[in-house]
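Q: here is a sequence with its predicted model. Questions after.
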Amino acid sequence: MIWTRYLLCFILGYVVFVAAAYQASSEEYQYVKRLPEYDPQYYPSSLWELDNAVRLKKWASQLRFGKRSGNSWASQIYSHEKWFFSMEDYETWLKAFGPEDFNLIVAIDTKLNKVIGSVAVAKYPGADGSESLVALGLYFVHPDHRKKGLGNELFRMAFKDSHFVGINRGLVAVESMVAKYCNAYGYDKISSGKAVTARALVSDLQLTNLFIDEKIQVLSLQEASRLIDFENLVHFDMENNGGLNRGKYLNAWLAAPNSISSQIAFDENGEIVGYINIRTSIGNDIGVSPLIAKSPEIASTLLRRGLEEVHDLEQYRQIFFFSLTDNHTARKIYVKLTVGTLIPVATCTPMYTEKLLPTKSENVFSVTEYTMCTI
Ligand SMILES: CC(C)(COP(=O)(O)OP(=O)(O)OC[C@H]1O[C@@H](n2cnc3c(N)ncnc32)[C@H](O)[C@@H]1OP(=O)(O)O)[C@@H](O)C(=O)NCCC(=O)NCCS
C-alpha cells in the first residue's frame, strides 16, 4: 500500500515537472528578444532591452483591430494620435495587398494580454509588374511602453519577411521622426513636398464656392465602370502617383465600406482627367482621399460633385484634406470651400530608402492616405 502511494507521488511529481518544463520552454519561445537578422547598414545597434513579457507577432484578424465595442487597437491609436483611418482599414488593406504582401505586426504584453504596439508593411507592384515600393505605417507604441526599444524592435521585425527585402522602402514621417528614420534606417531620399493635413467643420463648407468646369463630365465609379475598363483608371493613377500599379489596392479602397463617394472626371474626348474618393474615418469625420486631377479646375469640379454625392453630408463632424506643399493650388481650393476656416493640423514628409517616386505633385490635390501609401 505504502509503495503504491510512493509510486503515485512519483508519477504526479514527474507530470508536474514535465508540465513546468514545457511551460517554461513555450514561454521562452514566445518572447522575441533580438532578431537574428541584423543588418548594420540599416539598423542601429540595439541600445534598449525588450521587456521580457512582450511578444511580437503577425496579426491575422480584424477582430481586435477595429471591433466596435471596447477598446480596439484602432481606437487606442486614434485617441492618442488622431490619425485619419477607419475601423475597417485592416480588412481593406488585407484585400488591397493580399495576405502575402501585407503584414501587421503587433507587440503583445503577454501578462496583460494587451496589444501595446504595432507596425504595418505592404508591397506595391510597379508599372511593369516588378516590386517597386514597400510602404510602412501604423507605427505606434502605447505611451506607457515607449523608450524601451520596442519601437525599434517592431520596425526591424516589419522587414524581416524575405518578401520585403531589397525593394525601395517608403513612409510618411511625422516631423519629429524625419531625421531619425534618415539616420537610423536609411530613409535618406526625402521629398521636397510635405504632406499637410488640414481640417474644417463640415457645417462651414460652402459647396457653391467651388468652380465647376462645364466641359468636364463627372460620373460615379459605378456609372463609369459601365463605360470604361477599370484599368484605365489604374493607368491614370499610375501616371500621377510615380509609377506604382495600385490596381488591386484601388479596387479594395474604392469599394471599402467606409468609401462614401467615388467620382471620375472625363474630358470632351472621353479621357479620364481626374478622380476623387471621399471616405469616413473614426470619429465621424470624412476625408478626401485621394483627389487627383489634371488641373485645378478639374479638381474643383470633382470636389464639388464628390461632396454633392455624399448622402446626408451634414451628419459628419469634420472634413480632412491631405495636400502636398508643392501643389500650389490645392490649399486655395480648400480655403475657398471652407470659407477661410481651414486649420492645418500636421505636416508629414514622404521619405524613401532607394529613390523618390516621380509623383506629379501638381496633379495630386489630396493624397490617398498616410498609412500604407506615400501619396
Ligand atoms: C515612434 C514610436 C513608435 C517609437 O516607439 P518606442 O517604443 O518609444 O521606440 P524605441 O524605444 O525603440 O525608441 C528609442 C529611440 O529611437 C527612436 N526610434 C524609434 N523608432 C525609430 C525608427 N524606426 N527609426 C529611428 N529612430 C527610431 C525613438 O524616437 C527614440 O528616440 P529618442 O531616444 O530620441 O526619443 C513611439 O514614440 C510612438 O508611438 N510615437 C507616436 C506615434 C508616431 O509618431 N509614430 C511615427 C509615425 S511616422
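A: Now that the structure is in, tell me what you want to look at.

Q: where's the residue of the chain at minimum distance from the ligand, which helix or strand?
A: Residue nearest to the ligand within the chain (C-beta to the nearest ligand atom): Gly151, separated by 2.4 Å. (C-beta placed from N, C-alpha, C; glycine too.) Using DSSP states H and E, Gly151 maps to helix 150-158.

Q: who does that helix touch, helix- and strand-wise?
A: Applying 3 or more C-beta pairs under 8 Å, 6 or more residues apart in numbering; DSSP states H and E, we find helix 150-158 packed against strand 54-58, strand 102-109, strand 114-125, strand 131-141.

Q: tally of neighbours for Lys355?
A: Counted with other C-beta atoms under 10 Å, the neighbours of Lys355 add up to 12.

Q: likewise for Glu231?
A: Neighbours of Glu231 (other C-beta under 10 Å): 10.

Q: that one and Arg246 touch, don't they?
A: No. At 11.7 Å, Glu231 and Arg246 do not qualify as touching, with contact defined as C-beta atoms under 8 Å.

Q: poorly predicted segments of the stretch 51-200 of the chain, please.
A: 51-52, 59-64, 66-70 (pLDDT under 70).

Q: with mean neighbour count and distance to Arg169 as added columns, please give the helices and strands packed on helix 150-158 in JSON lines.
A: Converted to JSON lines, the helices and strands packed on helix 150-158 look like this (neighbours: other C-beta atoms under 10 Å; distance: least, C-beta to C-beta, whole Å):
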{"stretch": "strand 54-58", "mean neighbour count": "18", "distance to Arg169": "18"}
{"stretch": "strand 102-109", "mean neighbour count": "21", "distance to Arg169": "13"}
{"stretch": "strand 114-125", "mean neighbour count": "22", "distance to Arg169": "9"}
{"stretch": "strand 131-141", "mean neighbour count": "23", "distance to Arg169": "5"}
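
Q: which of the residues in stretch 301-310 are buried?
A: Neighbour-count burial for stretch 301-310, counted by 16 or more other C-beta atoms under 10 Å, picks out 301-307, 309-310.

Q: which outside residues touch it?
A: With contact meaning C-beta atoms under 8 Å, 6 or more residues apart in numbering, stretch 301-310 is reached by 205, 207, 210-213, 216, 218, 220, 260-263, 265, 274-278, 286, 288, 291, 293, 313, 316, 333, 337, 365.

Q: 7 Å instead, please
A: If you take C-beta atoms under 7 Å, 6 or more residues apart in numbering as the criterion, stretch 301-310 is touched by 205, 207, 210, 212-213, 216, 218, 220, 260-261, 263, 265, 274, 276, 278, 288, 291, 293, 313, 333, 337.

Q: what about burial for these, which qualify?
A: 205, 210, 213, 216, 218, 260-261, 263, 265, 274, 276, 278, 288, 291, 293, 313, 333, 337.

Q: next up, the contacts around Glu268.
A: Neighbour list for Glu268: Lys215 [criterion: C-beta under 7 Å, 6+ apart].

Q: which of the helices or strands spans it?
A: Under the assignment here (DSSP H and E), Glu268 is part of no helix and no strand.

Q: that one and Tyr334, how far apart?
A: 27 Å (C-beta to C-beta, to the nearest Å).

Q: domain map for the protein?
A: Listed by automatic domain parsing, the domain ranges of the chain are 54-188, 195-366.

Q: and the stretch 51-200 of the chain, which residues reach the ligand?
A: Taking C-beta under 6 Å from any ligand atom, the part of the stretch 51-200 of the chain that reaches the ligand is made up of 81, 139-141, 146-152, 155, 173-174, 177, 180-181, 184-185.

Q: type out the ChimeraX command that picks the buried ones from these.
A: Buried subset of these, written as a ChimeraX selection, criterion 16+ other C-beta under 10 Å:
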select :139,140,141,149,150,151,152,155,173,177,181,185
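
Q: in the stretch 251-375 of the chain, where is pLDDT below threshold?
A: In the prediction, the stretch 251-375 of the chain carries no residues with pLDDT under 70.

Q: quick one: the strands in it?
A: Using DSSP state E, counting those that start in this stretch, the strands of the stretch 251-375 of the chain run over residues 259-266, 272-281, 285-293, 318-324, 343-352, 364-366.

Q: go ahead and confirm Phe209 touches Lys336.
A: In this structure residue 209 is Asn, not Phe. Yes. The pair formed by Asn209 and Lys336 meets the contact definition of C-beta atoms under 7 Å, at 4.8 Å.

Q: run a quick neighbour tally on Ala195.
A: Residues contacting Ala195 under the criterion other C-beta under 10 Å number 23.

Q: and Pro125, what does it touch?
A: Residues in contact with Pro125, defined by C-beta under 7 Å, 6+ apart, are 131-132, 245.

Q: quick one: Met157 from His163, how far?
A: 13 Å.

Q: before we move on, what about Lys123?
A: Per C-beta to C-beta, Lys123 is found 6 Å from His163.
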